[in-house]
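**Q** when you get a sec, could you give me coordinates for this:
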Amino acid sequence: MKLRFVLLLAILLPVILPTPSTAQANAADNTGKPFAIEYYYKAKWGYADEFLQLFKKNHYPLLNKQVEMGRMLKVWMDQPRYHTTEDGRWDYRVTIVFKNSAAANEPFDEDALKKQLFPDQAAYAKEEQRRFEILLGHWDVPIKAVDLDLK
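**A** The predicted model follows:
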């Protein structure tokens, strides 16, 4: 009986309690101010252009739609001008400014947008799978501005 209770608790606790990253993000910025996250992508050597092509075709329209809806305020992409060491290398950084931290952290049904924008879901899924197959790494960094004039 005790084992069943422990197993049930182990299953339900993560569902009931917020994850540490969500709780930290919400605690870090619940002011209603814009909330920015940087998304880094590191492609296999020689595949960065293919990644960019697939990103622009399949993911960027989803992001633009969310800007139109007001969930996001701005989206842009940067790439480094010069090469760095392999351990610090990234090919593209996408910065998304959400209207606030809640918009960034609350569940959002992106599937409805995918179906609306990409009627051929099989082709879309195949291309998105390919986009992630060519990645060596991907990481997300929530950022905050630092007021250097604040005393």
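**Q** use CA for all of it now, contacts and neighbours both
**A** Will do.
**Q** got the residue ranges for the helices in this protein?
**A** In order along the chain, the chain carries the following helices (DSSP state H): 2-16, 20-28, 48-54, 60-69, 101-105, 110-117, 121-133.
**Q** how far off centre is the last one?
**A** It stands for helix 121-133. Using CA atoms, centre = their mean, to the nearest Å, the mean C-alpha position of helix 121-133 is found 17 Å from that of the whole chain.
**Q** what angle sits between that helix and helix 110-117?
**A** For helix 121-133 against helix 110-117, the angle by axes from the mean of the first three to the mean of the last three CA atoms, to 10 degrees is 120 degrees.
**Q** what sits up against helix 121-133?
**A** Glu50, Phe51, Leu54, Phe55, Asn58, Lys114, Lys115, Phe118 (CA atoms under 8 Å, 6 or more residues apart in numbering).
**Q** alpha carbons only: can I get it in PDB?
**A** Extracted as PDB, the C-alpha positions of helix 121-133 are listed here (Å, rounded to 0.1, in the frame of the first residue of the first chain):
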ATOM      1  CA  GLN A 121       1.300  18.300 -41.900                       C
ATOM      2  CA  ALA A 122       3.300  15.200 -43.100                       C
ATOM      3  CA  ALA A 123       5.700  17.400 -45.100                       C
ATOM      4  CA  TYR A 124       5.900  19.900 -42.300                       C
ATOM      5  CA  ALA A 125       6.700  17.200 -39.700                       C
ATOM      6  CA  LYS A 126       9.400  15.700 -42.000                       C
ATOM      7  CA  GLU A 127      11.100  19.100 -42.600                       C
ATOM      8  CA  GLU A 128      10.900  19.900 -38.900                       C
ATOM      9  CA  GLN A 129      12.500  16.600 -38.000                       C
ATOM     10  CA  ARG A 130      15.200  17.300 -40.500                       C
ATOM     11  CA  ARG A 131      15.800  20.800 -39.000                       C
ATOM     12  CA  PHE A 132      16.500  19.200 -35.600                       C
ATOM     13  CA  GLU A 133      18.500  16.300 -37.000                       C
END
